[in-house]
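no FASTA, just this:
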Ligand code: LRH
């Protein structure tokens, strides 16, 4: 059996990783090669990506991947959406901002004064998130100096190859892509004072962006192509969510829980706008019709704050086991409350929302968080069903959240639908699958790619109780 190997760079909120993906007839697996920190760093002017260090880790990780597997044929990069770097004279002009920086509030007000949200939604189909790239561009003083603006995976591809391109799934999260055309809405950009000349040519997942620069090829050990994947991490995760029928919903659950269905036509109704349901573009022209729910961020930030208070190290599986053992009802809060989005003292902010009902013990507090996330998931699943007119019969939970058994069970209980959990590494697998397909080493259709995922990563089923 021939096996094809590729390198997947996946930049997530808890860490960045370089992995080797191997794919053959009945084979699809990952080998972790390098893991490095990818949290925001606080600078004088706000929260940023630690981009210089990150890029070095990526190159070193790729070199190690080629050392371990000299047969690697290509590289694919994915990351979270919306963040970007500005490039002029072939160089990165400034360290990219992190979307959790609060500088964008002014951008929202200014953009909406020019183009009200209802008009934006008609044009770009995006849910309102205060950090969508167009709001960030609007307040970026360096924009005027830039020749090109590149979202993070495109920026890394550019620094690796010298070729500037905008991969379409991630471009759809900027707010400047026409939801029905899939092309840049240059009229909107110019009207908002965002020079449309900085928006690079669009490419679809599967397109070769370019070959490694000679110097980097020497350092990495091979001359390899960088292939555009679903470079928005959620787009890659949905590729590898083993959806088997149109009645399957998905929850891509990591820091965020992205809850929705895959569509072939947009639902640009007033009701969809009011429910803040987004149309991000998926691989093969699909629409990811979904809503952002604040996901495991609530738990990880809570644990981080507790650890900082005690100087202790908390074992998450142990905490969740204790949370599962809590008997009786726990109070819930709105997981999407805007007060919970910035880094900071999460337990205190959640306690403010819960008031006198706030649980006194850590296990009960953690249980409150998990139940609140599950409640928001259930609400979004029901809304996705109502807005798309689809009766749903199961939910695929992929990403880190699929390991959280308490969350999977609570989601099944609160939706009344079975939850099929896994794969945990859906994003990296989706990255690998799209590269392999471009190399002619994987089947052509999404259905077949998903069947390979299902065959190699059998999900665990949680029935509603
Ligand atoms: C998940 C994600 C999500 C975006 C957010 C910024 O990692 O890409 O799809 O909304 O980060």
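Yep, it's here. Quick caveat: nothing in here was measured; it's all calculated off a predicted structure.

report the contact partners of the residue in the stretch 351-465 of the chain positioned nearest to the ligand.
Per CB to the nearest ligand atom, residue 427 is where the stretch 351-465 of the chain lies closest to the ligand, at 8.2 Å. All C-beta spots, glycine's among them, are computed from the backbone N, C-alpha and C. Neighbouring residues of residue 427 by CB atoms under 8 Å, 6 or more residues apart in numbering: 10, 12, 78, 233, 234, 236, 237, 240, 252, 254, 399.

again with residue 433
Counting by CB under 8 Å, 6+ apart, residue 433 has contacts 23, 28, 239, 240, 442, 449, 452, 453.

one more time with 10 Å
Counting by CB atoms under 10 Å, 6 or more residues apart in numbering, residue 433 touches 6, 8, 21, 23, 28, 76, 205, 229-230, 236, 239-240, 283, 441-443, 446, 448-450, 452-453.

which SSE is it in?
Residue 433 belongs to helix 426-438 when assigned by DSSP states H and E.

C-terminal to that helix, what's the next element?
Using DSSP H and E, the helix or strand that directly follows helix 426-438 along the chain is helix 446-456.

how far does that next one sit from the chain's center?
Here the centre of helix 446-456 is set off from its chain's centre by 21 Å, with CA atoms, centre = their mean, to the nearest Å.

what is it packed up against?
Counting contacts by 3 or more CB pairs under 10 Å, 6 or more residues apart in numbering; DSSP states H and E, helix 446-456 packs against strand 15-24, strand 27-37, helix 233-239, strand 394-398, helix 426-438.

now the following helix or strand past it: mean pLDDT?
As assigned by DSSP H and E, the chain's next helix or strand after helix 446-456 is strand 460-462. For strand 460-462, the mean pLDDT works out to 98.

for residue 328, grab the count of nearby residues.
Residue 328 sits with 6 neighbouring residues when counted by other CB atoms under 10 Å.

residues near the residue of the stretch 101-250 of the chain found nearest the ligand, how many?
Closest approach of the stretch 101-250 of the chain to the ligand (CB to the nearest ligand atom) occurs at residue 234, with a separation of 3.8 Å. Residues contacting residue 234 under the criterion other CB under 10 Å number 31.

one more: residue 187?
Applying other CB under 10 Å, we find 11 residues neighbouring residue 187.

check the one 3 residues further on too.
By the criterion of other CB under 10 Å, residue 190 has 12 neighbours.

for it, what are its contacts?
196, 197.

now residue 232
Contacts for residue 232 (CB under 10 Å, 6+ apart) come out as 78-82, 151, 153, 167-173, 205, 238, 280-283, 288, 427.

quick one: low-confidence parts of the stretch 301-450 of the chain?
Counting by pLDDT under 70, the stretch 301-450 of the chain contains no low-confidence segment.

residue boundaries of the helices in it?
With DSSP state H, counting those that start in this stretch, the ranges of helices along the stretch 301-450 of the chain come out as 316-324, 346-354, 362-388, 405-415, 426-438, 446-456.

hang on, the earlier thing: now do the residue of the stretch 101-250 of the chain closest to the ligand, the pLDDT please.
Looking at residue 234, its pLDDT is 98.

correct me if wrong: it contacts residue 255.
No. Contact between residue 234 and residue 255 fails when scored by CB atoms under 10 Å: they sit 11.0 Å apart.

give me the common contacts of those two.
80, 399.

who are the contact partners of residue 144?
Going by CB under 10 Å, 6+ apart, residue 144 touches 86, 193, 195, 198.

name the SS class of residue 210, please.
Secondary structure, DSSP: H, G, I helix; E, B strand; the rest coil: residue 210 is strand.

pretty sure it contacts residue 160?
Yes. Using CB under 10 Å, residue 210 is in contact with residue 160, at 7.8 Å.

grab the nearest non-local neighbour of residue 124.
Leaving aside its chain neighbours, residue 124 sits nearest to residue 175 (5.0 Å; criterion: CB to CB, 6 or more residues apart in numbering).

over to the one you found. Which of the three states is it?
coil.

quick one: contacts for it?
By CB under 10 Å, 6+ apart, residue 175 lies in contact with 82, 111, 115, 120-121, 123-126, 128-129, 132-137, 185, 188-189, 192, 194.

same question, residue 440
Here residue 440 is in contact with residue 4 (criterion: CB under 10 Å, 6+ apart).

can you report phi and psi for it?
Backbone torsions of residue 440, given as degrees, to the nearest 10, read phi 80, psi 20.

how close does it sit to residue 77?
21 Å (CB to CB, to the nearest Å).

now do residue 428
11 Å.

repeat for residue 184
Plainly put, residue 184 is 21 Å away from residue 77 if you go by CB to CB.

between those two, which one's more packed in?
Neighbour count, other CB under 10 Å: between residue 184 and residue 77, residue 77 has more, with 26 against 19.

okay, the angle between the helix or strand hosting the more buried one and strand 15-24?
In the assignment (DSSP H and E), residue 77 maps to strand 75-79. Counting by axes from the mean of the first three to the mean of the last three CA atoms, to 10 degrees, strand 75-79 points 140 degrees away from the direction of strand 15-24.

after strand 75-79 comes which helix or strand?
Going down the chain from strand 75-79, the next helix or strand is strand 84-88, by DSSP H and E.

tell me the strands beside that next one, with direction?
Note on strand 84-88: by DSSP bridges, its sheet partners are strand 91-92 (antiparallel), strand 148-151 (antiparallel).

can you tell me which of these is most buried?
Comparing the strands paired with strand 84-88 by mean neighbour count (mean count of other CB atoms under 10 Å), strand 148-151 comes out on top with a mean of 25.

past that one, which element shows up next along the chain?
The helix or strand immediately downstream of strand 148-151 is helix 152-161, counting by DSSP H and E.

does any part of that next one sit near the ligand?
No. Counting by CB under 6 Å from any ligand atom, the ligand is not contacted by helix 152-161; separation bottoms out at 10.2 Å.

now for the helix or strand just after that helix, which elements pack on it?
Counting by DSSP H and E, the next helix or strand C-terminal to helix 152-161 is strand 166-167. With contacts defined as 3+ CB pairs under 10 Å, 6+ apart, strand 166-167 has these neighbours: strand 75-79, strand 148-151, helix 152-161, strand 202-203.

where's residue 311 relative to residue 365, distance?
Separation of residue 311 from residue 365 (CB to CB) stands at 19 Å.

and these two? Which one has more around it.
Using other CB under 10 Å as the criterion, residue 311 and residue 365 rank with residue 365 on top: 23 against 6.

that one: what's its closest spatial neighbour, skipping adjacent residues?
Spatial nearest neighbour of residue 365, chain neighbours left out: residue 359 (4.7 Å); criterion: CB to CB, 6+ apart.
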